Structure formats: structure tokens, C-alpha cells
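> I'd like to go over a predicted model; first the sequence, then the structure.
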Amino acid sequence: MPSRIEEYALIGDCETAALVAKDGSIDWLCWPRFDSSACFAALLGTPDNGRWILCPAVPAKSIRRRYRPETLILETEFETESGSVMVIDFMPLRTSQSNLVRIVRGVRGRVSMKMELILRFDYGESVPWVTRVRGASIRAISGPNKVLLRTPMPVHGKDLRTLSEFTVNEGQSIPFVLSYTQSHLPSAREIDAIEALDNTENFWRKWSSTNTYRGPWAEAVNRSLITLKALTYWPTGGIVAAPTTSLPEKIGGTRNWDYRICWLRDASFTLWVLMEAGYFQEATAWQNWLLRAVAGSPDQAQIMYGLAGEKDLREWEINKLPGYEGSKPVRIGNAAAEQHQLDFYGEVSSLLHYARGEKLLRNGLSIDLEWALLEHLETIWREPDKGIWEVRGPRRQFTHSKVMCWFAFDSAIKSCERFGLKGPVERWRTVREEIHKDVCHNGFDPEQGSFMQSYGSKELDASLLLIPKVGFLPVTDEKVQGTIRAIEKQLMSEGFVLRYKTKEHIDGLPPGEGVFLPCSFWLADVYFLSGRFEEGKQLFERLMRLRNDVGLFSEEYSPGEKRLVGNFPQAFSHVALLNTIFISRRARESAGGK
């Protein structure tokens with residue numbers, strides 16, 4: 001049985017990532033990069049699909065863990081009858097190879113330890129050929145993959161596993177280094193674990209020092225920013241939504257998706273909060289990634305791409321894997337890449353407008369790309385689409401999608417007005433006004449006094465909370481206030497906000513899921529924008545109590561089971577957290593610091 005989702009912590013090297021459970025087990029590791037076939041896959045099924053355990057030989061009396069301040073270095077301390085020991089987990093920033101380092105450090109007394117390494121590739125399908133070689137404890141090869149384990153401790157093999165039993169004394173440090181290269185290349189060079197620890201700590205502390213935010217919840221801001229940086233694929237600038245696949249939105253359910261992909265929507269939101277905190281290098285890298293990914297005919301633009309801009313993200317299922325706690329199917333790739341979605345035009349256009357205000361976009365190609373996308377949007381904005389939630393039911397005239405079409409033209413018009421860019425502004429103004437009238441006429445239900453999920457529908461949708469945030473209508477508008485009241489009444493579940501009421505005729509999937517965490521942050525946002533500061537504060541603090549012990553969020557939360565669900569850690573959730581903190585600060589400043 002894998003650990004509960006909230007019991008994991010993230011480590012990574014800005015090119016791949018691993019999840020470390022509270023009991024000292026690493027159960028998820030993607031090599032050679034986020035979207036590759038996993039080296040460890042226990043998080044998706046049984047331990048025999050791969051894991052790396054490093055913990056005391058007898059159960060610990062207590063376990064405490066934390067990240068070293070301003071870093072992605074995890075420290076887990078085990079207290080036992082005979083003493084205490086700390087396991088330090090991290091991944092040095094990658095150069096020509098990728099390394100996963102675990103250092104066992106004696107804190108007090110004398111502690112017997114055990115190590116168990118089960119290497120599997122291709123999502124548990126491939127057992128590697130393991131041999132002993134000079135300069136390493138073991139070498140494991142499987143197809144294009146080669147992994148070396150180096151440690152001064154003796155190891156032995158048993159039942160297709162690598163084992164070690166040893167004792168650590170107070171003040172002693174014992175390194176374990178797992179290194180990856182492609183099998184046709186020379187073996188990974190040996191690294192000094194202690195030196196790598198110092199270099200990794202220096203890197204993260206230097207990166208964290210760029211953060212310009214000063215105010216309440218500063219530690220949470222920094223932890224979320226580090227998490228977002230860890231989900232950035234530095235060779236290309238792409239940003240993954242999460243490092244995992246198929247962690248369920250409902251335990252035992254079928255809503256299990258692959259999130260190791262770059263959504264334009266999620267990446268745009270991520271870059272916005274990074275720039276808000278002073279991180280502009282990432283914005284420039286993402287702009288260049290965007291230009292490469294979307295290059296081509298505008299009518300072929302996708303809502304998501306691979307880390308290097310790959311378009312082929314076809315979805316398939318691994319039927320042999322039992323899924324996380326029986327949640328099937330396990331999916332690789334994402335069929336939503338082929339969906340018709342309109343909202344991403346607004347997110348991309350608004351981000352480019354914001355970046356121009358920060359004097360980041362001097363590349364004329366970004367203007368050409370944006371103008372070409374808008375020209376195409378002029379011809380398609382009236383079409384039904386699959387919406388922000390990527391429903392697998394029929395296309396609909398989703399209200400949020402239309403609002404974001406409006407936002408795309410609004411952002412481009414403002415860029416021309418503010419920065420002197422040349423574009424068909426008058427034509428865009430006409431389209432913008434037409435979309436606005438269309439939404440207010442067809443997306444609003446006078447009977448309920450609220451905007452609805454789609455034209456002609458009686459269903460609500462939490463994405464409607466974004467209407468005042470993008471400036472479509474002011475938060476004081478009665479249509480907006482009516483929508484807020486309707487969502488409070490119909491979409492709240494134990495103090496949190498559902499995306500919408502899942503129904504098979506809408507989704508094309510069996511109903512049921514947790515509360516989508518960004519939606520509750522969006523409600524807190526409109527509370528702050530409405531001057532309802534105490535309600536916003538209470539909701540925000542309620543959300544912050546859902547973070548795990550090292551400050552991480554997944555995609556959703558199950559109020560009934562009181563546990564995190566969905567892929568983990570989720571960029572969108574941490575973006576929403578940061579956005580709420582930034583909005584609350586500006587709202588209070590506008591209100592005179594109340």
C-alpha cells in the first residue's frame with residue numbers, strides 16, 4: 001500500500017523529480033525527465049513496481065521532517081529507542097547527469113538502519129540487469145537507461161532487490177548516490193555527496209533571495225515559489241502541471257490524469273506569480289518555449305505540449321498496474337491535448353501584456369505570434385468548446401471560455417494603447433464589445449441572478465469567480481455579486497468550493513471528486529476584492545491548514561476522507577495560493593490598510 005498523498009515531499013533538479021514518503025521511502029522517480037517512463041512506480045500500485053527505502057531497521061518512535069529553509073533539501077529525522085538519525089534527501093542541479101543523493105547522518109546514539117532498492121523501469125514493466133562494477137556498488141541497465149548506486153556500505157542482492165544493513169553512529173555521515181545516464185553513454189561520474197549538498201543549498205538559497213515579497217505568510221510564499229521552480233524544466237523553460245500521473249481525484253475512481261505536461265493555461269498563471277515575486281528569467285525562458293511550441297499555423301495551436309514543445313501527447317492506459325489505492329485506469333499522455341478549448345487565448349495574451357509592462361518582451365516574434373492567434377480567435381470564439389475543466393462530454397458554450405476570449409482581445413488592446421504597438425485595435429474593440437454583450441445576454445440567468453456554467457444551462461461553475469478578476473465586470477456589479485451568492489449556496493462542501501457538480505452528461509465520466517483547491521482560493525480572492533476581508537482571511541487560513549507538514553498541496557482535497565487527492569504537488573494550487581496572498585495585500589492597501 002503506498003503512503004497517503006499528503007505524506008510525500010518533493011525533491012528535484014529542475015529537470016526531473018522524486019517524491020519522498022514520510023517513512024523514508026522514495027516511491028516515484030521519473031528519469032531521465034518529468035515525462036519519461038518512471039524508474040520507480042510504487043505510487044501507482046504495489047511496491048514491487050519500484051521504490052527506495054532508507055530508514056531505521058526498527059519502527060521509529062517519532063518522525064519529524066522539514067525542508068532546509070529556502071531550499072528543496074529535505075531532512076527527515078527518525079527517533080528510535082537507541083538514538084536518532086537524519087536522512088537528507090536532495091537532487092543536485094543537473095549538469096551532464098542526474099543524481100539522487102541520500103545522506104544518513106547520526107544525530108544521537110547508535111541506530112541500526114536498512115536500505116532496500118527496487119529498480120524498475122517502464123512503469124514497472126522492465127526489471128533491469130544488475131551487476132557489480134568497479135567504482136560503484138551496483139549498475140542496473142534496462143534498454144536506454146543506466147543507473148549506478150554508489151555507497152561505502154556493503155550491499156547484496158535478493159529476490160531482484162538490492163539490500164543493505166548497517167549502523168550509524170552520532171556524528172557519522174553515510175552517503176548513498178543514485179546516478180542516471182543513458183545506457184550507451186559512459187557511466188555517470190562519481191560525485192562528492194557532501195560537496196553536492198553544499199552546492200545545492202547555495203543554489204536554492206541564492207534563488208530564493210531573489211524573492212521580492214515581504215509580508216504575511218512569507219514562508220508559505222517562498223515554499224510555493226520553490227515548488228514552482230522545481231516544476232520548471234530548465235533546458236527548455238517549459239513548466240509541468242505536476243510531476244505525477246494518475247493520482248486520483250477520487251480514491252478508487254476513474255478521474256486519473258497525466259499531469260507531467262505543460263499546459264499553456266497553468267504555465268501562464270505560474271509565470272504571472274513568479275514575475276510578481278521578481279523572477280523574470282523564468283518568464284523569458286517560458287516566452288521562448290511558447291514561441292517554439294506554438295510555432296506553425298494558429299489553427300493547430302494546442303492547449304498543452306510536452307516539455308520541449310512536443311505535440312503528440314496521445315493517451316494510453318497501463319492495464320497491468322492496479323492504480324493508486326485501486327484507482328484505475330492508469331493513464332500516460334493526455335487526450336485533452338486534442339480538445340478545442342478557447343480560454344487559453346486569454347491567459348496567454350494577458351501574460352504577454354503583463355510581461356510587456358515589466359519590459360521583458362522586446363522580441364517582435366512574440367507580437368507576431370499573439371496577433372496571429374488573435375486573428376484566428378476572431379473566427380472561432382463563437383464555437384462551443386470543452387472548457388477549462390476539459391470535460392469528456394459534448395462541447396458546450398462555456399461562459400468562462402467566452403469571458404477569456406474577451407480577456408484576450410482586452411489584453412491586446414491595452415498592449416497597443418499602453419506600449420504603442422500596431423494592431424487592428426478598432427476591429428478588436430468591436431469584437432470585444434460583441435463578446436461582452438453575448439456573455440451578459442446568454443451566460444446570465446435572471447431567474448437565478450447568476451452567470452451559469454454554459455449558455456442555457458442551470459448549472460453553476462466556480463470558474464465564474466474569475467469574471468471580476470479579469471476585469472470583465474467589476475466585483476461590485478450585481479451580476480457578479482449574485483454569482484458569488486449562488487456559488488456560496490450551491491457549490492460549497494464543508495467550507496470549500498467544488499468546481500461544479502460533476503454529472504456524467506456534462507463530463508462523460510462517473511460523478512464524484514474532491515474539492516478543487518484553486519476554486520476555494522478564487523472565492524477568497526473575490527472576498528478580498530469585495531472588501532469582505534474577514535471572510536477572505538478565514539477561508540484562506542482554512543485552506544492553508546490543508547497543506548501537508550512541509551507546505552505542499554495536491555490538486556484537490558476530499559472533505560469526507562480528510563485527505564489530499566489528485567496529482568501532487570500541483571502547480572495550479574500553489575499558484576492560486578500565491579495569487580490570493582498578492583491580491584489580499586493589494587486589496588488591503590487600496591482600502592487604506594484595513
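Looks like it came in fine.
> so residue 142 touches residue 124, yeah?
No. Under the criterion of CB atoms under 8 Å, residue 142 is not in contact with residue 124, lying 11.5 Å apart. C-beta coordinates here come from the backbone N, C-alpha and C atoms, glycine included.
> skip the chain neighbours and tell me the closest residue to residue 46.
residue 322 (6.8 Å; CB to CB, 6 or more residues apart in numbering).
> and the one you found, what helix or strand is that in?
According to DSSP states H and E, residue 322 maps onto no helix or strand at all.
> who's residue 25 bridged to?
When assigned by DSSP bridges, residue 25 has beta-bridge partners residue 53.
> contacting residues around it?
Taking CB atoms under 8 Å, 6 or more residues apart in numbering as the criterion, residue 25 is in contact with 3, 42, 51-55.
> let me know the pLDDT of it.
Looking at residue 25, its pLDDT stands at 96.
> and what of residue 15?
The confidence metric pLDDT takes the value 93 at residue 15.
> the helices in the stretch 451-594 of the chain, which residues?
Under the criterion DSSP state H, counting those that start in this stretch, helices of the stretch 451-594 of the chain are mapped to 466-469, 478-490, 504-507, 517-529, 533-544, 571-590.
> which parts of the chain are helices?
Taking DSSP state H, the helices of the chain run over residues 193-208, 218-230, 264-276, 281-294, 343-357, 364-380, 399-419, 425-442, 466-469, 478-490, 504-507, 517-529, 533-544, 571-590.
> looking at those, which is nearest to residue 111?
Shortest separation from residue 111 across the helices of the chain is recorded for helix 193-208, at 18.9 Å, computed as CB to CB.
> check the offset of that closest one from the chain's centre.
23 Å (CA atoms, centre = their mean, to the nearest Å).
> between it and helix 218-230, how big is the angle?
110 degrees (axes from the mean of the first three to the mean of the last three CA atoms, to 10 degrees).
> just give the number of residues close to residue 278.
14 (other CB atoms under 10 Å).
> ok, and the closest non-adjacent residue to it?
Using CB to CB, 6+ apart, the closest residue to residue 278 is residue 212 (3.7 Å).
> and for residue 439?
Closest residue to residue 439 apart from its sequence neighbours, by CB to CB, 6+ apart: residue 402 at 4.8 Å.
> run a quick neighbour tally on the one you found.
Applying other CB under 10 Å, I find that residue 402 has 25 neighbouring residues.
> next one, pLDDT for it please.
98.
> now for it: which residues touch it?
Counting by CB under 8 Å, 6+ apart, residue 402 touches 342, 381, 435, 438-439, 443.
> backbone dihedrals for the residue nearest to residue 46, please?
Backbone torsions of residue 322, given as degrees, to the nearest 10, read phi -70, psi -10.
> residue 142 and residue 124: which is more packed in?
More neighbours surround residue 124 than the other of residue 142 and residue 124, with 24 against 20 (other CB under 10 Å).
> need the nearest residue in space to the more buried one, chain neighbours excluded.
Counting by CB to CB, 6+ apart, residue 124 lies nearest to residue 49, which is 3.3 Å off, once chain neighbours are set aside.
> burial measure for that neighbour, as a count.
The number of residues packed near residue 49 is 22, by other CB under 10 Å.
> now residue 477
By other CB under 10 Å, the residues close to residue 477 number 14.
> what ranges of this protein fall below the confidence cut-off?
Residues of the chain that meet the criterion pLDDT under 70 lie in 1, 41-45, 361-365, 593-594.
> care to break it down by domain?
5-185, 228-590 (automatic domain parsing).
> could the ones you listed go into CSV alongside distance to residue 221?
Shown next, in CSV, are the domains of the chain (distance: least, CB to CB, whole Å):
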stretch, distance to residue 221
domain 5-185, 11
domain 228-590, 6
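> which of the ones you listed sits closest to residue 194?
domain 5-185 (6.9 Å).
> dump the residue contacts of the nearest residue to residue 239 once chain neighbours are set aside.
Closest residue to residue 239 apart from its sequence neighbours, by CB to CB, 6+ apart: residue 267 at 4.4 Å. If you count contacts by CB under 8 Å, 6+ apart, residue 267 has them with 238-239, 286, 290.
> before we move on, the earlier item: looking at the helices of the chain, spot the one closest to residue 454.
Residue 454 lies closest, by CB to CB, to one member of the helices of the chain: helix 399-419, at 6.2 Å.
> run the chain-centre distance for that closest one.
Centroid separation between helix 399-419 and its chain, computed with CA atoms, centre = their mean, is 26 Å.
> go on, stretch 20-38?
Put simply, stretch 20-38 sits 15 Å off its chain's centre (CA atoms, centre = their mean).
> send me it as CSV with only the CA atoms.
Only the C-alpha atoms of stretch 20-38 are listed here, as CSV (Å, rounded to 0.1, in the frame of the first residue of the first chain):
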residue,chain,number,x,y,z
VAL,A,20,9.9,11.0,-0.7
ALA,A,21,7.4,9.5,1.8
LYS,A,22,7.5,10.3,5.4
ASP,A,23,8.7,6.8,6.3
GLY,A,24,11.9,7.2,4.2
SER,A,25,10.7,5.6,1.0
ILE,A,26,11.1,7.2,-2.4
ASP,A,27,8.2,5.8,-4.4
TRP,A,28,8.1,8.0,-7.5
LEU,A,29,11.0,9.0,-9.7
CYS,A,30,10.9,10.0,-13.4
TRP,A,31,14.2,9.5,-15.3
PRO,A,32,15.5,11.0,-17.5
ARG,A,33,12.9,13.8,-17.2
PHE,A,34,9.4,14.6,-15.9
ASP,A,35,7.6,13.0,-18.8
SER,A,36,9.7,9.9,-19.1
SER,A,37,8.7,6.3,-18.2
ALA,A,38,9.2,6.1,-14.5
